[in-house]
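[1] dropping the sequence and predicted coords here.
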Number of protein chains: 2
Amino acid sequence: VILAELDRALSPQLLKGKRVLLSAGPTREAIDAARFLSNPSSGKMGYALAAAARSLGAEVTLVSGPTALEAPYGVTRVDVVSAVQMHGEVMARASEVDVAMMVAAVADWRPSHPSDKKMPKGQMSPTLELERNPDILAELGERFGEGSETEEGARRPLVVGFAAESHDVIERARAKRARKGAHAIVANVIGGPASTFGAESATVHLLVGDEEPRTFSGTKPEVARALWEALARRLQS
Amino acid sequence: VILAELDRALSPQLLKGKRVLLSAGPTREAIDAARFLSNPSSGKMGYALAAAARSLGAEVTLVSGPTALEAPYGVTRVDVVSAVQMHGEVMARASEVDVAMMVAAVADWRPSHPSDKKMPKGQMSPTLELERNPDILAELGERFGEGSETEEGARRPLVVGFAAESHDVIERARAKRARKGAHAIVANVIGGPASTFGAESATVHLLVGDEEPRTFSGTKPEVARALWEALARRLQS
């Protein structure tokens, strides 16, 4: 608490008065009471971005999937489990913020027929039927992103997505930004030795509009701070 | 470290000279570089059992799936991700121990065709083909459990399983013990308000052979200690 307050007191208040909505962590898509689909996101990058935004003066809400992390001091956390829940909590808040930054690794698919009970092995089918989850970033992009139209005076958050790619990272992230209509994308590498999933450090590439990518490396708190400093200018304009 | 040593010094050395092999945590079954099947096991119960066994004088090896926990002091941890890896590490050690206690929530199924890369959404099939994982407890039961035959002088560990059930808990656990050939089963409730998954506390039922079930409630460290005290008598005989 004291360190967080000291950090805030000593940091330039680049995000003062700004409202930031973040998503973080994995989602879990229930198969039954004891099985789910998920991914290896630890939530560390999203939590670091929440803590950094708060240090820089923002009012921060963090919609978080299941993680082993504690909410950063001064940040409002909303806990969710599934992509459908995360979609609901994010969309309910997006029109009231200045930045909507989607860091969560949201499962693209969910089992079509989840069970409340734990199914005996013998009753499980050797094929699992899946259906698509809502695409939160694409929906934010469509409503608030590049090319969207908003009523006069309505808040229109800067829409920032994350892209976790195992190959052709920048090229694929650039395509993702355009496809989703996001204002900016942060790309990082998963799989292999440079994987950021669960790691303490990260190397990320920030793509804002059609600008050249900028690369940041360091611990996740360092990278988070650098990303906000780079984005803060966009928020002033 | 000091607390762990003090606890060991002050505890009755009920497991002195015994070798204990534990499994703990969930397993993760890769779909691709960014997606997997898993379950909500936090690993807390297995880690508490490892710490308690060490306090009571045992030499402990913990084969652990991915968790956010640190290895208890003095315990040898072997990290694995998938059920196939866990199976390999457990079977390689089982004939050299006095107790093989399988606490891990091992995924029963794994995707048949995992990919090293992250598949684009569009390339994912709406059905996921699965195949059965090895049944570690059943294999231990067959080799070392009730009714198994062992050469003269060979070590034959006490085989203890865990059953996570959402309904008919004791009845299903009793059937599981018999089916797997385990000497004992510890049953606990998942799903609903009494779920032990991820919780700090647990209520478990210990079924040893055909004896009446005994119930233990408390924090996971308390329950772990009580379970070892109940099992220690079996190990002396």
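    In hand now; what should we look at?

[2] give me the residue at the spatial middle of chain A.
    A:Val103 (1.5 Å; Cα atoms, centre = their mean).

[3] OK, contacts around the nearest residue to that residue once chain neighbours are set aside?
    Spatial nearest neighbour of A:Val103, chain neighbours left out: A:Gly46 (3.6 Å); criterion: Cβ to Cβ, 6 or more residues apart in numbering or on different chains. C-betas here are computed from N, CA, C, even on glycine. By Cβ atoms under 8 Å, 6 or more residues apart in numbering or on different chains, A:Gly46 lies in contact with A:22-25, A:62, A:64, A:103-104.

[4] what's in contact with the host helix or strand of A:Ala9?
    Here A:Ala9, judged by DSSP states H and E, is contained in helix A:2-10. The contact list for helix A:2-10, computed with Cβ under 8 Å, 6+ apart, reads A:51, A:54-55, A:57, A:72-74.

[5] pull out the buried residues from the lowest-mean-pLDDT helix or strand in chain A.
    Sorted by mean pLDDT, DSSP states H and E, the helices and strands of chain A end with helix A:2-10, the least confident at a mean of 83. For helix A:2-10, the neighbour count (16 or more other Cβ atoms under 10 Å in any protein chain shown) marks A:7-8 as buried.

[6] right, and the helix or strand after that helix?
    strand A:19-24.

[7] what about that next one, distance to the chain center?
    Averaging C-alpha positions (Cα atoms, centre = their mean, to the nearest Å) puts strand A:19-24 7 Å from its chain's average.

[8] equivalent analysis for stretch A:164-172, please.
    17 Å.

[9] ditto for stretch A:61-76
    Worked out by Cα atoms, centre = their mean, stretch A:61-76 lies 12 Å from the chain centre.

[10] dump the C-alpha coordinates for that stretch into PDB.
    Output in PDB follows, covering the C-alpha atoms of stretch A:61-76 (Å, rounded to 0.1, in the frame of the first residue of the first chain):
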ATOM      1  CA  THR A  61     -11.200  -1.400 -13.500                       C
ATOM      2  CA  LEU A  62      -9.700  -4.800 -14.200                       C
ATOM      3  CA  VAL A  63     -12.000  -7.600 -15.500                       C
ATOM      4  CA  SER A  64     -10.000 -10.700 -14.600                       C
ATOM      5  CA  GLY A  65     -10.300 -14.300 -15.400                       C
ATOM      6  CA  PRO A  66      -9.100 -16.900 -12.800                       C
ATOM      7  CA  THR A  67      -5.500 -16.100 -11.800                       C
ATOM      8  CA  ALA A  68      -3.300 -16.600  -8.700                       C
ATOM      9  CA  LEU A  69      -2.700 -12.900  -8.500                       C
ATOM     10  CA  GLU A  70      -3.900 -10.300  -6.000                       C
ATOM     11  CA  ALA A  71      -5.600  -7.200  -7.300                       C
ATOM     12  CA  PRO A  72      -3.100  -4.300  -7.500                       C
ATOM     13  CA  TYR A  73      -3.700  -1.600  -4.800                       C
ATOM     14  CA  GLY A  74      -6.300   0.900  -5.800                       C
ATOM     15  CA  VAL A  75      -7.600  -1.000  -8.700                       C
ATOM     16  CA  THR A  76     -11.200  -2.200  -8.900                       C
END
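
[11] ok, is it in contact with chain B or not?
    Yes: under the criterion of Cβ under 8 Å from any Cβ of the partner chain, stretch A:61-76 makes contact with chain B via A:66, A:68.

[12] can you tell if the single longest helix found in chain A touches chain B?
    Counting residues, the longest helix found in chain A (DSSP state H) is helix A:220-236. No: contact of helix A:220-236 with chain B (Cβ under 8 Å from any Cβ) is absent, the minimum separation being 15.6 Å.

[13] so that helix versus helix A:2-10, what angle?
    40 degrees (axes from the mean of the first three to the mean of the last three Cα atoms, to 10 degrees).

[14] for helix A:220-236, which positions count as buried?
    Those buried within helix A:220-236 under the rule 16+ other Cβ under 10 Å are A:220-221, A:223-228, A:231-232, A:235.

[15] adding pLDDT, write these out as JSON lines.
    Output for those, formatted as JSON lines (pLDDT from 0 to 100):
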{"residue": "A:Lys220", "pLDDT": "92"}
{"residue": "A:Pro221", "pLDDT": "94"}
{"residue": "A:Val223", "pLDDT": "95"}
{"residue": "A:Ala224", "pLDDT": "96"}
{"residue": "A:Arg225", "pLDDT": "96"}
{"residue": "A:Ala226", "pLDDT": "96"}
{"residue": "A:Leu227", "pLDDT": "97"}
{"residue": "A:Trp228", "pLDDT": "97"}
{"residue": "A:Leu231", "pLDDT": "95"}
{"residue": "A:Ala232", "pLDDT": "93"}
{"residue": "A:Leu235", "pLDDT": "85"}
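
[16] and the residues you listed, which is closest to B:Ile170?
    A:Lys220 (45.6 Å; Cβ to Cβ).

[17] quick one, what contacts the closest one?
    A:44-45, A:48, A:199-202.

[18] at 7 Å what do you get?
    A:44-45, A:48, A:200-202 (Cβ atoms under 7 Å, 6 or more residues apart in numbering or on different chains).

[19] which residue, other than its chain neighbours, is closest to A:Arg172?
    A:Glu165 (4.8 Å).

[20] need the pLDDT of the one you found.
    pLDDT recorded at A:Glu165 is 85.

[21] the one 3 residues further on now?
    Looking at A:Asp168, its pLDDT stands at 90.

[22] again with the one 5 residues further on
    Per-residue confidence for A:Ala173 comes out at a pLDDT of 94.

[23] what does A:Gly141 give?
    pLDDT at A:Gly141 comes out at 96.

[24] next: A:Phe197.
    66.

[25] same deal with A:Glu152?
    59.

[26] same deal with A:Gly122?
    A:Gly122 is given a pLDDT of 69.
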